[in-house]
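Undergrad: Got a predicted model here, sequence first, then my questions.
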Amino acid sequence: MAKKRVKKRIPKGRKKIIKIPFGVKIIAILLFINAAFTCIFGLVMIGGEIFGADWTIRDVLVQFFSIKEDELESTLKILSSLFIAGLLFFIFGIVDFIIGYGLWKGRQWARIVTVILMAFLLLSSLSSLDYLSIILSVVIGGYLLFGPGVGKSFRN
């Protein structure tokens with residue numbers, strides 16, 4: 001005869017401890033690292049504008065991000081000021097940190113936002129055939145959606 005499973009009740013005032021999968025912790029750490037570099041890069045760009053650096057956003061985009069010349073013109077039209085670009089990088093770094101913290105704590109909203117961002121990254125990577133970004137977005141998004149035990153470990 002099969003034993004009847006009894007659900008354990010959690011006393012009021014105590015939270016159920018949910019173990020966050022190791023892969024989710026790794027994704028959160030990657031977001032923290034990306035957030036740090038993005039914020040530092042933004043502050044350097046803001047500082048360059050304030051203190052009159054002799055390099056321009058064109059130099060930064062070509063040397064550090066390997067953006068092609070034909071893609072560069074449209075990017076420069078949007079980011080005409082080094083200060084505005086630095087501010088945007090800094091804000092994106094803060095957003096990355098918040099999303100990473102949400103993943104670290106097992107928040108469902110952070111999982112959803114990360115999957116949506118990975119879908120956008122996948123679409124933009126497909127247009128430029130950036131294979132590393134395509135692989136990263138598929139692996140991270142797929143793991144957060146279909147990874148074993150990942151869905152159960154997130155809460156609102």
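TA: Looks like it came in fine. In this text, all values refer to a predicted model and were calculated from it rather than measured experimentally.
Undergrad: so where's this protein uncertain?
TA: Judged by pLDDT under 70, the chain has its weakly predicted residues at 1-17, 48-67, 69, 72-81, 156.
Undergrad: Show me the helices in it, by range?
TA: 22-50, 57-65, 69-78, 82-104, 108-128, 131-146 (DSSP state H).
Undergrad: Which stretch among those is buried most, on average?
TA: helix 82-104 (a mean of 18; mean count of other Cβ atoms under 10 Å). Heads up, the C-betas are built off the backbone N, CA and C, glycines and all.
Undergrad: Next, the angle from that helix to helix 131-146.
TA: Computed by axes from the mean of the first three to the mean of the last three Cα atoms, to 10 degrees, the angle separating helix 82-104 from helix 131-146 equals 40 degrees.
Undergrad: contacting residues around helix 82-104?
TA: Outside helix 82-104, the residues that touch it by Cβ atoms under 8 Å, 6 or more residues apart in numbering are 20, 24-25, 27-32, 34-50, 53, 56-57, 79, 109-111, 113-114, 117.
Undergrad: cool, stretch 148-156 as well?
TA: Contact with stretch 148-156 is made by 18-21, 23-24, 106-109, 111, 143-145, as judged by Cβ under 8 Å, 6+ apart.
Undergrad: and those residues as CSV, adding distance to Phe92?
TA: Shown next, in CSV, are these (distance: Cβ to Cβ, whole Å):
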residue, distance to Phe92
Ile18, 29
Lys19, 30
Ile20, 24
Pro21, 26
Gly23, 23
Val24, 21
Gly106, 23
Arg107, 19
Gln108, 22
Trp109, 18
Arg111, 19
Tyr143, 22
Leu144, 20
Leu145, 23
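Undergrad: hmm, back to that, export the helices of the chain to a markdown table and tack on distance to Ser153?
TA: Shown next, in a markdown table, are those (distance: least, Cβ to Cβ, whole Å):
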| stretch | distance to Ser153 |
| --- | --- |
| helix 22-50 | 7 |
| helix 57-65 | 34 |
| helix 69-78 | 38 |
| helix 82-104 | 10 |
| helix 108-128 | 9 |
| helix 131-146 | 11 |
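Undergrad: if I look at the residue nearest to Ser133 when sequence neighbours are not counted, how far off is Asp96?
TA: Nearest non-adjacent residue to Ser133, counting by Cβ to Cβ, 6 or more residues apart in numbering: Ser125, 3.8 Å away. Per Cβ to Cβ, to the nearest Å, Ser125 is found 18 Å from Asp96.
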